[in-house]
Structures are given as structure tokens and as C-alpha cells.
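>>> Sequence first, then the predicted structure:
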Amino acid sequence: MWRIETALDDAGSPYDRRAAAYDRLVRSRTYNRVLWGTRPDDYEAFAAAAIAEDDGPLLDVGAGSAAATAPLHAASGRPTTLVDTSTAMLERAAERIGDDAAHVRYLQADALALPLDGGFTTVMCMGCLHLFEEPGLLLDALLAQVGPGGMVHVTALVAETAIGRRYLGVLHRAGEVATPRSATEMAEALGGVELDVRGSMAYASIRH
């Protein structure tokens, strides 16, 4: 039986109350196509390639409810740690991945202060960079968890389409995301990494 460990004094998170709504949106093809000009298949393929690239320890930061990645994590067999600030999200992830996945650990923690010792061969962080005013700090925290030669895979929403730019502005004014950035601005904030941009979603893979 899975259990959720916590490294936070405050066990609550705003996403605890939004887990069900988040699930519906992130899995909706219409939502992704209309607002972000993306396809969930691209997102899932990016995650699948990251998980399949190695058989060493894997860290998934901001894993959320694993709506797109649960079958991949369940089948991989890699020693895997899923991290999120929301216990409700992690509970949904654990239920999706299933009780038989003894190789998966669930940890409630702050992405910028991970209570881990590093040495992961793969680190994933899907759809989180645009939540941070200084995304470079998050990337630094991710890179700190990677062993020599390991890979960090990230995705971020960027203001590249007219609709995506407007909607990011709405979310920013509501306090849901950081100041919207274009792909060029996001790449600069991350130290000049190369981004693959599809609609309003940017993908990057960085070797440590």
C-alpha cells in the first residue's frame, strides 16, 4: 500500500481543493488545443521518452496527479520519487499508479528545497516553470538533484500564441502563474537553454 511522506510543516496546499478540476483540464484535448495550441499526446510522448531513457533513479518534481504519466511510472520499474506540494494531487497520482508499484515513492515537499540527496539519473518537471517568477532558481534546484551525465526534462507554458498570451495574462492577474514570458524570455531566464516550442508549450532537455 502506498503512503505519502511529507517534508512540509504546513500539510495544506491550494491545489488540494483544485485537484479534481485540474484533472479534468489537463486531460481535456479541447482545453489544450483551444487555449494552448497543444496536444496531450506531445506532452505524454515527451514524458515517455524521459522515463525510458535510463533505468536509474528518477525524480518527478511537480508531479501533480500524474494524469498523463501514471501508466508510464507504473510500467517503468525505475526507482521513482514523485514530489508535489499537494497531498490531494499525490493521492490521485498514487491511486492511478496503483498499489503494485513498490518502486514509486510519494513525497510532499517544496520544489526549491527538496529534502533529497541527489544522484538521480533523470529529473522531470512538467508544467511548473511558468509558476515561478525566477524559473532559473527552480532549474538550479532540479540540476542539483542530477548525477553526472544525468538529464533534466522540463516543460513550461509560454506566451507564444495570441490566445495563450491572453489567458496567461488572466491567470497571472488571478495569482495563478508568474509574469508571462515569451519562449525567448523563458530561455533567457533559464540561462540560454534551447527550447522546443509547440503552440504555447515549451520543452527542454538539459544534460548535467
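That came in fine, so what should we check first?
>>> what sits against residue 51?
By CB atoms under 8 Å, 6 or more residues apart in numbering, the residues touching residue 51 are 58, 69, 72, 73, 76, 78, 122, 124. Backbone N, C-alpha and C define where each C-beta goes, glycine included.
>>> Quick one: those as TSV, columns for neighbour count and distance to residue 179 too.
Compiled in TSV, the contacts of residue 51 are given as follows (neighbours: other CB atoms under 10 Å; distance: CB to CB, whole Å):
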residue	neighbour count	distance to residue 179
58	24	31
69	26	28
72	20	32
73	25	32
76	19	35
78	20	35
122	25	29
124	26	24
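>>> okay, which residue is most central for this structure?
By CA atoms, centre = their mean, the mean C-alpha position of the chain lies nearest to residue 126, the distance being 2.4 Å.
>>> how close does that one sit to residue 3?
From residue 126 across to residue 3, the span is 23 Å (CB to CB, to the nearest Å).
>>> same check, this time on residue 174
Note on residue 174: its distance to residue 3, by CB to CB, is 34 Å.
>>> any weak-confidence spans in the chain?
10-22 (pLDDT under 70).
>>> ranges for the helices of it?
Secondary structure of the chain by DSSP state H: the helices cover 19-26, 29-31, 40-52, 70-76, 87-97, 135-143, 162-173, 183-189.
>>> from the ones you listed, which stretch is densest packed?
Per residue and on average, the most neighbours among the helices of the chain fall to helix 87-97, with a mean of 21 (mean count of other CB atoms under 10 Å).
>>> packing partners for that helix?
If contacts are counted by 3 or more CB pairs under 8 Å, 6 or more residues apart in numbering; DSSP states H and E, helix 87-97 sits against strand 4-6, helix 19-26, helix 70-76, strand 80-84, strand 104-108.
>>> can you list these in a markdown table and add distance to residue 116?
A markdown table is the format used below for the helices and strands packed on helix 87-97 (distance: least, CB to CB, whole Å):
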| stretch | distance to residue 116 |
| --- | --- |
| strand 4-6 | 11 |
| helix 19-26 | 24 |
| helix 70-76 | 17 |
| strand 80-84 | 7 |
| strand 104-108 | 8 |
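>>> now for those, which one comes closest to residue 47?
When those are ranked by proximity to residue 47, the top entry is helix 70-76, at 6.0 Å, counting by CB to CB.
>>> could you say what helices and strands the closest one packs with?
Judged by 3+ CB pairs under 8 Å, 6+ apart, helix 70-76 is in contact with helix 40-52, helix 87-97.
>>> Buried residues, the top strand by length along the chain. List them.
Counting residues, the longest strand in the chain under DSSP state E turns out to be strand 146-157. Across strand 146-157, burial judged by 16 or more other CB atoms under 10 Å covers 146, 150, 151, 152, 153, 154, 155, 156, 157.
>>> Relative to residue 53, which of the residues you listed is nearest.
Residue 53 lies nearest to residue 151 out of those, by CB to CB, at 6.5 Å.
>>> State the distance from residue 95 to residue 101.
According to CB to CB, residue 95 and residue 101 sit 11 Å apart.
>>> cool, residue 186 as well?
Using CB to CB, residue 186 is found at 33 Å from residue 101.
>>> Now for the residue nearest to the centre of the chain: which residues touch it?
Counted by CB under 8 Å, 6+ apart, residue 126 has contacts 43, 46, 47, 60, 62, 63, 64, 68, 69, 153, 154, 155.
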